[in-house]
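**Student:** Next input, structure requested:
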Amino acid sequence: MDSTHRSAPAATTDPEGDAEAGAAHRPPGTALELLVHGVGGTTPAEMLDDPRVVRVTGDDTAAIYRRTTDAEAEEHPADPREGRPEEPIPEAYVWCNLTSGNGSRALWLILLPFMVANLAHWMRPAAPRGHPAQRLYDVLVRILALTLTVLLAAAACEVALDLIAWQCAGSAACSADRSWLGFLTTAHHGWWSLPGRRLVVAAVLPLLLVGLLWWLSHRTWSAYESASPPPRRPATSRDTPPSERPALCLDGFWYGRRVVARLRSAHATAGLLTIATALLLTAHDADVRPGADPVLRWTGYALAALVAVLAVLSAAIVCRTARSEAEPDVETDRPLVRWLPYAALGVLGLTALHTAWWRPGWTSSGHLPGAEAFAVIAVLQGALVVGLLLTAAVLQRAARGTERTALAGLAGGSVALLACALGGVFTGGAAQRTADWLDRGATPGDPHDSMAGPPVLLSWQASVIPLLLVVVLVLVAIAAFQVLAVRRKVLPDIPGLYEGEEKPDAQRARRIAGTIARAGLTDRAPVLIGVITAVTFVLGTGAVLGAWLTGLPPGRALDDAPAFVDAVAETAQALGSWLMGAGVVLMLAMGRRAYKDASARRTIGILWDVGTFWPRAAHPFAPPCYAERAVPDLTWRMATWTETYDGRLVLSGHSQGSVLAAAAVWQLDPVTRSRVALLTYGSPLERLYGRWFPAFFGPSALTGLHREMDAWRNLWRFTDPIGGPVRLTCEDGAAIDRGPLRDPLVFGRTLRYPLPAQILGHGDYQADPEFGVARAELLAHLAPGVPQQPRGPEAERSPGEPHAAPRGSAGAAPQGSAGRSSA
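**Tutor:** The predicted structure is shown next:
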């Protein structure tokens, strides 16, 4: 690609200083099409269909590009008297490096549970603003997110302190051929061989992990959450009461810098206190023995009191931290909040000194004291998930337009449980893999082993993983049968879409019908997530009860059971331990490959494209929100370009780019919005975001966007597994959707198209003639002298009245695929 990365004087970024100068050379009817790509990213040359591109504004992370020939197109507009069809100036906003840029993005793989927990915050039902249960819902999600940080720090302590320093270094059989442990082993009889000092050395590993998380959060916070607000304050029309303004229209929605800083301080403190607690519990176990030094015992009590005070302060900050969306939250935190992690670090240092103190006769055996903490965390997380589900049910009862809400409004609690399960898999996988490596694959809990192995609960959690995989395989099989059933139902209608164009081709029709059936699986995702969540909760509860009642790993707990049951337990424990460890190894391998391979990094970036759209409102260590950079970028570009040239602008968004485009339109002021039209295609606005995030993209929010912006068209296909119709029921709402578009455009071989046409699915919407038609309509709607006016409230259509037939559809919808349209 011959891409030139240099600045081009396409438009000024100072509307106040250059408004008069822009008016002097402002050509009538100047039009711009601002393209926004979707998941996975692309190159400017591909978006603009030209290898010669120039960067107009931006940096290496996110920028706007044009074709080299269009760098100064506003200064040399086409003469309308030439009679050529009107074409807007195309320019591309490329934001893919926000999620799949340099190799450090590979480190984000360890943040997956945090990202999923953060999603749960935004999945609350669409209850009226100010409902008392909303505050409780947010607090429960933030506390659950805090437990994930504690769980990760506890997992690092389990690997470093328990398995390596306490068990292996304290066993001559385990440490015999491990020279890197030599200075810590009891056989060495060195200064560091005492149990407390071994633990202090090992505590460096979890300390580095917490420091890494803090550094990643601070580094991305300074880059992503530091965008400047738009030049004009966003607003809605006068017909929209302030209490009904969509949340994404509020001034401070994308400017939550202070929230992330406060949560980062609290979570870093919690991680450091987890390490200090692990050291204190171990030292306390030695200090309460007969003959122990009472000074050390009371010093431990004093340190425990300091840890408790800091823990309460950390939890209080998490509970009291709320997003201030009405205004950009850019204030500086109080010194107490800023210095809390440093206070925790000081207490950790004192605790390390206390633990390393010489204690006569202190030896290490069995598990590290405090292994029951994993069961406490699991029970607490289960209680928080139940509280989330109950709170969400209350909010759902108060919500309106909930017919298509995923999981009847319980999606947030379900996703929060999956975040806890992922955290458990990461914890158990790291512990099991380390134990297997140190003890050479011995079964945990075997009395003949040189090590006691991981805590009993982790062995029980590993044992239920094979059962969960069996359930997942059954669901996959059911989904496959459903695809075959839908394909058979749709198949007879496929040739009718192309009647009179080509002769029938049964194989071609089956391919098209199969693509439609597979694309419809997206609408069944809530059922899949719901079943997996319910099974995970039941199996997790059983694992906690099994560990609590028996105190033994499953293989040993069922030694007295019938031979078949005992064999199943042994197999499940061994297979689950291997699967847990393999999962962690696979994640590390993916991270290593992503660090070296840009294409692999882009593939992983697709996951972050979907999961990191939302601000970090629950967990500060989650991957950063790219929309906090992308939305202000788009808003600034639209505001400054329309101010400078007084032209018409079509914001053209594909896939995830359509979500960014809608969010940017919400942030515009009414004057700028009146000069902008919205063209979305392959858009998940309603199909994914409207169902899973109803409080922000539900029917009322999208209807409000339509009231503010009449110039909106949405293109969709039955073969698209991601995009779909917007499904507005207000007056003229059906006019937004244009589809289903015919895909492929040509059924078979014709004189004009001798080769079979590609089934496009989610891509290349510009190849459909309807794209050009919709764009021309939007430009005509924004014709000079006819400004768009925000509309008032519309009368709602009765619930039983169907949508009007979409205009401009490239083909009628197959009768057998009606389930996809109404799912």
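
**Student:** Any regions of the stretch 551-700 of the chain where pLDDT drops low?
**Tutor:** 591-607 (pLDDT under 70).

**Student:** Same check on the stretch 251-400 of the chain?
**Tutor:** Along the stretch 251-400 of the chain, the model assigns pLDDT under 70 to residues 329-332.

**Student:** and with 90 instead?
**Tutor:** Low-confidence segments of the stretch 251-400 of the chain, defined by pLDDT under 90: 251-261, 289-293, 321-338, 360-367, 370-371, 400.

**Student:** just the stretch 1-150 of the chain next, same as before
**Tutor:** The model of the stretch 1-150 of the chain has pLDDT under 90 over residues 1-30, 39-42, 60-61, 72-87, 96-112, 128-130.

**Student:** Strands of that one, residue ranges please.
**Tutor:** Taking DSSP state E, counting those that start in this stretch, the strands of the stretch 1-150 of the chain run over residues 3-4, 31-36, 53-58, 63-67, 89-94.

**Student:** distance between the third one and the chain's centre?
**Tutor:** Taking the mean C-alpha point of strand 53-58 and that of its whole chain, the gap between them comes to 29 Å (Cα atoms, centre = their mean, to the nearest Å).

**Student:** ok, back up a step: I'd like a version of the strands of the stretch 1-150 of the chain in TSV, one that adds mean neighbour count as further columns.
**Tutor:** (Each C-beta comes from the backbone N, C-alpha and C, glycine too.) Formatted as TSV, the entries for the strands of the stretch 1-150 of the chain read as follows, by neighbours: other Cβ atoms under 10 Å:
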stretch	mean neighbour count
strand 3-4	14
strand 31-36	23
strand 53-58	21
strand 63-67	23
strand 89-94	24
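
**Student:** Can you say which of those is nearest to residue 142?
**Tutor:** Among the strands of the stretch 1-150 of the chain, the nearest to residue 142 by Cβ to Cβ is strand 31-36 (31.3 Å).

**Student:** Would you pull up how far that closest one lies from the middle of the chain?
**Tutor:** 27 Å.

**Student:** partners of that strand, with directions?
**Tutor:** Using DSSP bridges, strand 31-36 pairs in its sheet with strand 89-94 (parallel), strand 648-654 (parallel).

**Student:** all helices for the stretch 551-700 of the chain, in order.
**Tutor:** Assigned helices in the stretch 551-700 of the chain, in chain order: 554-557, 563-596, 598-611, 627-645, 656-666, 670-673, 691-692, 694-697, 699-708 (criterion: DSSP state H, counting those that start in this stretch).

**Student:** The last one to helix 656-666, inter-axis angle?
**Tutor:** Here helix 699-708 points in a direction 60 degrees away from that of helix 656-666 (axes from the mean of the first three to the mean of the last three Cα atoms, to 10 degrees).

**Student:** Output the contacting helices and strands for helix 699-708.
**Tutor:** helix 656-666 (3 or more Cβ pairs under 8 Å, 6 or more residues apart in numbering; DSSP states H and E).

**Student:** tell me the angle of the helix it packs on relative to helix 627-645?
**Tutor:** Going by the same axes, to 10 degrees, helix 656-666 is angled at 60 degrees with respect to helix 627-645.

**Student:** And the contacts of helix 656-666?
**Tutor:** Helix 656-666 is touched from outside by 35-39, 93, 95, 234, 246, 248-249, 254, 609-610, 613, 627, 630-631, 634-635, 638, 651-653, 673, 676, 678, 680-685, 689, 697, 705, 708-709, 714, 723, with contacts defined as Cβ atoms under 8 Å, 6 or more residues apart in numbering.

**Student:** Go through the strands paired with strand 31-36 and name the closest to residue 350.
**Tutor:** Go through the strands paired with strand 31-36 one by one with Cβ to Cβ and the one that ends up closest to residue 350 is strand 89-94, at 50.3 Å.

**Student:** in stretch 666-673, what's buried?
**Tutor:** Of the residues in stretch 666-673, those buried by neighbour count under the rule 16 or more other Cβ atoms under 10 Å are 666-670, 672-673.

**Student:** Columns distance to residue 777 on top of the strands of the stretch 1-150 of the chain, output as a markdown table?
**Tutor:** Formatted as a markdown table, the entries for these read as follows, by distance: least, Cβ to Cβ, whole Å:
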| stretch | distance to residue 777 |
| --- | --- |
| strand 3-4 | 32 |
| strand 31-36 | 13 |
| strand 53-58 | 27 |
| strand 63-67 | 24 |
| strand 89-94 | 18 |
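
**Student:** before we move on, the earlier item: residue 135 is nearest to which of the helices of the stretch 551-700 of the chain?
**Tutor:** helix 694-697 (13.5 Å).

**Student:** hang on, the earlier thing: deepest-packed of the helices of the stretch 551-700 of the chain, please.
**Tutor:** The highest mean neighbour count among these, using mean count of other Cβ atoms under 10 Å, belongs to helix 656-666: a mean of 27.

**Student:** chain center to that one, what's the gap?
**Tutor:** Computed by Cα atoms, centre = their mean, the chain-centroid distance of helix 656-666 equals 17 Å.

**Student:** Would you map the strands across the stretch 701-823 of the chain?
**Tutor:** Taking DSSP E, counting those that start in this stretch as the criterion, the stretch 701-823 of the chain contains strands spanning 712-717, 737-741.

**Student:** Now the ones you listed in a markdown table, please, with extra columns for mean neighbour count and mean pLDDT.
**Tutor:** Below are the strands of the stretch 701-823 of the chain laid out as a markdown table (neighbours: other Cβ atoms under 10 Å; pLDDT from 0 to 100):
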| stretch | mean neighbour count | mean pLDDT |
| --- | --- | --- |
| strand 712-717 | 27 | 96 |
| strand 737-741 | 25 | 92 |
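
**Student:** will you turn the ones you listed into CSV that also has distance to residue 303?
**Tutor:** Supplementary listing: the strands of the stretch 701-823 of the chain in CSV, determined by distance: least, Cβ to Cβ, whole Å:
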stretch, distance to residue 303
strand 712-717, 60
strand 737-741, 63
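
**Student:** re the thing from before, wait, which of the helices of the stretch 551-700 of the chain is closest to residue 519?
**Tutor:** helix 691-692 (15.6 Å).

**Student:** export the strands paired with strand 31-36 to CSV and tack on distance to residue 385?
**Tutor:** Conversion of the strands paired with strand 31-36 to CSV gives the following (distance: least, Cβ to Cβ, whole Å):
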stretch, distance to residue 385
strand 89-94, 39
strand 648-654, 35
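
**Student:** nearest to residue 109, of these?
**Tutor:** Residue 109 sits nearest to strand 89-94 of all the strands paired with strand 31-36, at 23.8 Å, using Cβ to Cβ.

**Student:** Distance from the closest one to the middle of the chain?
**Tutor:** That offset, for strand 89-94, works out to 26 Å (Cα atoms, centre = their mean).

**Student:** Tally up the residues packed near the nearest residue to residue 693 once chain neighbours are set aside, please.
**Tutor:** Once its chain neighbours are removed from consideration, residue 693 has its nearest residue in residue 122; the separation is 5.3 Å (Cβ to Cβ, 6 or more residues apart in numbering). The local packing of residue 122 (other Cβ atoms under 10 Å) involves 22 other residues.

**Student:** Repeat that for residue 767.
**Tutor:** Each residue near residue 767 was counted by other Cβ under 10 Å, and the total is 13.

**Student:** next one: the one 3 residues further on
**Tutor:** Residues contacting residue 770 under the criterion other Cβ under 10 Å number 20.
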